[in-house]
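1. generate coordinates for the sequence data below:
(2 chains)
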2 protein chains.
Amino acid sequence: MTRTARHVNLASRPIGVPLPENFEVVEAEVPSAEDGEVVVANRFMSVDPYMRGRMNDVKSYVPPFQIGQPLEGGAVGEVIESNSAEVAVGDFVVHGLGWREMAVVPAALTQPAAQVEGVSLSANLGVLGMPGMTAYAGLLDVASFVEGDAVFVSGAAGAVGSLVGQLAKLKGASLVVGSAGSDDKVAWLTEELGFDVAFNYKAGPVAKQLFAAAPEGIDVYFDNVGGDHLQAALHALKVHGRVALCGAISMYNNTEPAPGPNNLSLAIGKRLNMRGFIVSDHVDMRADFIREVGGWLADGTIKAEETVMSGIESAGDAFIGLLTGANTGKMIVEL
Amino acid sequence: MTRTARHVNLASRPIGVPLPENFEVVEAEVPSAEDGEVVVANRFMSVDPYMRGRMNDVKSYVPPFQIGQPLEGGAVGEVIESNSAEVAVGDFVVHGLGWREMAVVPAALTQPAAQVEGVSLSANLGVLGMPGMTAYAGLLDVASFVEGDAVFVSGAAGAVGSLVGQLAKLKGASLVVGSAGSDDKVAWLTEELGFDVAFNYKAGPVAKQLFAAAPEGIDVYFDNVGGDHLQAALHALKVHGRVALCGAISMYNNTEPAPGPNNLSLAIGKRLNMRGFIVSDHVDMRADFIREVGGWLADGTIKAEETVMSGIESAGDAFIGLLTGANTGKMIVEL
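-> Below is the predicted model of the structure:
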């Protein structure tokens, strides 16, 4: 029996914002599971901003994608064949070989999907997955959030940012401010998610809008975008303020390095602590995270929106849309 | 009896590099010590880069100096009159009212000068004083130095930087690199102070010279200057690297904000930790500092150079010289 399925190759390296022709959908044979492996029929695949960096041919903490080879990213699916004692046919697992309809994965590189009643399996790629863990670890560990802190999060309508703001409110923040790129997103943040203030960063200078939102300053800045957001936050941060450096989506498509914040020396007198992080350094927090956020998700306390596109042929468009702000909440492709 | 002494007023606010006319030496009456006060005949006064910030009329963690009022800075001297039970005539004390020949100070705002055999009293303003404590706390606490770290320090011939490098060597650094602004200073760092490598930042791009000095990267960057040094260090830092943000002397005379490092987003993937600090947050380390550094100073293990100018009328020139690189080690005025 031969079995085929489709996957997405990197056809060429994007320059600036990716274009549809940078992606190519290809059909190929799917081999059987060898010793220790499982075959997973992917149900949902994740589309994440950090992948943009891997499309450039530069050294980073993960190697770049190769032209003519499949892209990779988070996925959740059902095990349809198993050659491992650890994982059974019919199990639902999360793994790192998305961008394909079927994946052959070492069982050791899968983890059981969290299954919460009334919550879509796709949450394993968003609010209960890597973006959710990023928000949880970044706010509580990296930024050392404490009750009473005033918090500002950029990219607040995204998968990470929307959870950062909700978590901060639930944990007793004195003020939660978010920025997003459209009036609809801004309305969603304050009306649905409980942010105290939100603003559209395209409607005026970030520094001015942040000052209006938090005239007494902020204690924590959760940075998803870099650029002028970071500069405005450095100005607004109070003494002993903390910055979790999580992403720089405003920079990812730049073809030349953009100048950094011109006020970084404020960090000295204010004794700011700025920490870059990646979520995989914080796996020890996963059990607490699933228990706490899973509970709030099941009872409706935490809301998680998804933008779901359909079929592997839409994966490239989903990625381009993510980088240009077409999504609210987690960007997902249903397979 | 009336007693007079000279002090230095801020005559006008400098724009860019200070000029001699920004300073004015004035003679005035020195009142007697009131209840709880002492009168100190200052022997040495300290000239420090951070004072430049206080000469601008901007909000900061300390209020700006006022035009027509005396400047302030560290000083060490002998108590010649006391109206306090805590401090006796003949005691040597360190306090914050320099830039004057005699100071009337609340006894509670003085601390006993460290007196180490064979070491000048002026060390209380440098290697055994605030700059020394800055180096000690910044390296060991803020930058979390551990044995085996490769360390880069900018402004390495200054009062802070020269101790950072020597401490790092004594505490087991795998590599100590320093930058300074003249070939003489560079030679002093490697030949006298034991730095492994030093370079003249005026002789070529910092990034290129740093790469040549530490091709395998650095674990700790102690930043005294900001600007292109910080950008180069962000590039050179290894995963989990640490930056102690101590000063930005390259920026202090700018009349417009200079762009920040264009590679700050490297901090994410490398999980860098960047912390601003000021020494007064670390007073709990003072006893350890005096014991440890005082011992190394007395037995000649640690070397501390001073540039000593003579007489209060030279204070303005000393400050201008400090900001333009005329000093090696701590800049002092003997009164």
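
2. skipping adjacent residues, who's closest to A:M133 in space?
-> Nearest residue to A:M133 in three dimensions, chain neighbours excluded: A:V279, at 5.1 Å (Cβ to Cβ, 6 or more residues apart in numbering or on different chains). Yep, even glycine has a C-beta here, placed from its N, CA and C like the rest.

3. that neighbour: what's it in contact with?
-> Listed by Cβ atoms under 8 Å, 6 or more residues apart in numbering or on different chains, the contact partners of A:V279 are A:M130, A:M133, A:T134, A:A137, A:G138.

4. residues from chain A in reach of chain B?
-> Proximity of chain A to chain B (Cβ under 8 Å from any Cβ of the partner chain) is limited to residues A:53, A:60-61, A:226, A:230-231, A:239, A:245-248, A:251, A:257-278, A:281.

5. buried stuff in whichever helix or strand A:V164 is part of?
-> For A:V164, the host element (DSSP states H and E) is helix A:159-170. For helix A:159-170, burial by neighbour count (16 or more other Cβ atoms under 10 Å in any protein chain shown) applies to A:A159, A:V160, A:G161, A:S162, A:L163, A:V164, A:G165, A:Q166, A:L167, A:A168, A:K169.

6. return the member of those nearest to chain B.
-> A:V160 (12.5 Å; Cβ to the nearest Cβ).

7. the closest one and A:V225 touch, don't they?
-> No - look at A:V160 against A:V225 with Cβ atoms under 8 Å: they stay out of range, at 10.9 Å.

8. find the residues that touch each one of those two.
-> Counting by Cβ under 8 Å, 6+ apart, the common neighbours of A:V160 and A:V225 are A:G247.

9. tell me the contacts of A:I332?
-> So A:I332 contacts A:F44, A:M45, A:S46, A:V47, A:S122, A:L125, A:G126, A:E306, A:T307, A:V308, A:M309, A:A318 (Cβ under 8 Å, 6+ apart).

10. will you turn those residues into a markdown table that also has neighbour count and pLDDT?
-> Output for those, formatted as a markdown table (neighbours: other Cβ atoms under 10 Å in any protein chain shown; pLDDT from 0 to 100):
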| residue | neighbour count | pLDDT |
| --- | --- | --- |
| A:F44 | 25 | 98 |
| A:M45 | 30 | 97 |
| A:S46 | 26 | 95 |
| A:V47 | 29 | 94 |
| A:S122 | 23 | 95 |
| A:L125 | 31 | 94 |
| A:G126 | 27 | 91 |
| A:E306 | 19 | 90 |
| A:T307 | 17 | 91 |
| A:V308 | 17 | 94 |
| A:M309 | 20 | 96 |
| A:A318 | 22 | 96 |
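
11. so which of those sit within helices?
-> Those of the contacts of A:I332 mapping onto helices are A:A318, per DSSP state H.

12. so of the contacts of A:I332, which ones are in strands?
-> Of the contacts of A:I332, the ones assigned to strands by DSSP state E are A:F44, A:M45, A:S46, A:E306, A:T307, A:V308, A:M309.

13. what sits closest to the second one if chain neighbours are left out?
-> Distances taken as Cβ to Cβ, 6+ apart place A:G98 nearest to A:M45, at 3.5 Å, with adjacent residues excluded.

14. who are the contact partners of that neighbour?
-> A:N42, A:M45, A:S46, A:L71, A:E72, A:G73, A:G74, A:A75.

15. pull the most distant pair out of those.
-> Comparing every pair within those by Cβ to Cβ identifies A:N42 and A:L71 as the most remote, at 12.9 Å.

16. how much space between the spatially most central residue of chain A and chain B?
-> The residue lying closest to the centre of chain A (Cα atoms, centre = their mean) is A:P131, at 3.9 Å. Counting by Cβ to the nearest Cβ, to the nearest Å, the gap from A:P131 to chain B is 15 Å.

17. where does that residue land in three-state SS?
-> Under DSSP: H, G, I helix; E, B strand; the rest coil, the three-state class of A:P131 is helix.

18. what's the farthest-apart pair in the ones in strands among the contacts of A:I332?
-> The widest separation within those (Cβ to Cβ) is 13.2 Å, between A:M45 and A:T307.

19. in stretch A:18-34, what's buried?
-> A:P18, A:N22, A:F23, A:E24, A:V25, A:V30, A:A33.

20. and the worst-scoring helix or strand of chain A on mean pLDDT, what other elements does it pack with?
-> The weakest-scoring helix or strand in chain A, judged by mean pLDDT, DSSP states H and E, is helix A:51-54 (a mean of 90). Helix A:51-54 is packed against no helix or strand, with contacts defined by 3 or more Cβ pairs under 8 Å, 6 or more residues apart in numbering or on different chains; DSSP states H and E.

21. mind listing the helices for the stretch 1-150 of chain A?
-> Here the stretch 1-150 of chain A has its helices, by DSSP state H, counting those that start in this stretch, at A:51-54, A:130-137.

22. pick the most deeply packed of those.
-> Per residue and on average, the most neighbours among these fall to helix A:130-137, with a mean of 26 (mean count of other Cβ atoms under 10 Å in any protein chain shown).

23. domains of chain A?
-> Domain ranges of chain A: A:4-126+A:305-334, A:130-280, per automatic domain parsing.

24. what's the most buried one of these?
-> With neighbours defined as mean count of other Cβ under 10 Å, those peak in mean count at domain A:130-280, which reaches a mean of 22.

25. give the rounded mean pLDDT of it.
-> When pLDDT is averaged over domain A:130-280, the result is 93.

26. now do the same end-to-end measure for stretch A:87-96.
-> Distance between the two ends of stretch A:87-96: 16 Å, counting by Cα to Cα, to the nearest Å.

27. chain center to it, what's the gap?
-> 22 Å (Cα atoms, centre = their mean, to the nearest Å).

28. surely A:A75 touches A:A103?
-> Yes - the pair A:A75 / A:A103 is scored as a contact, 6.6 Å apart, by Cβ under 8 Å.

29. shared neighbours, those two?
-> With Cβ under 8 Å, 6+ apart, A:A75 and A:A103 have common neighbours A:V40, A:N42, A:H95, A:L97.

30. how much space is there between the first one and chain B?
-> Shown here: A:V40 relative to chain B, a distance of 28 Å by Cβ to the nearest Cβ.

31. bridged to that residue, which residues?
-> In this entry, A:V40 is beta-bridged to A:V79, A:A103, by DSSP bridges.

32. pull the number of nearby residues for the closest residue to A:G118 other than its chain neighbours.
-> In space, and not counting its chain neighbours, A:G118 is closest to A:A298: 6.3 Å by Cβ to Cβ, 6+ apart. If you count neighbours by other Cβ atoms under 10 Å in any protein chain shown, A:A298 ends up with 13.

33. show me which of the buried residues of stretch A:18-34 is closest to A:V142.
-> A:V142 lies nearest to A:P18 out of the buried residues of stretch A:18-34, by Cβ to Cβ, at 28.6 Å.

34. thought A:L245 was touching A:R275?
-> Yes - between A:L245 and A:R275 there is a contact under Cβ under 8 Å: 6.4 Å.
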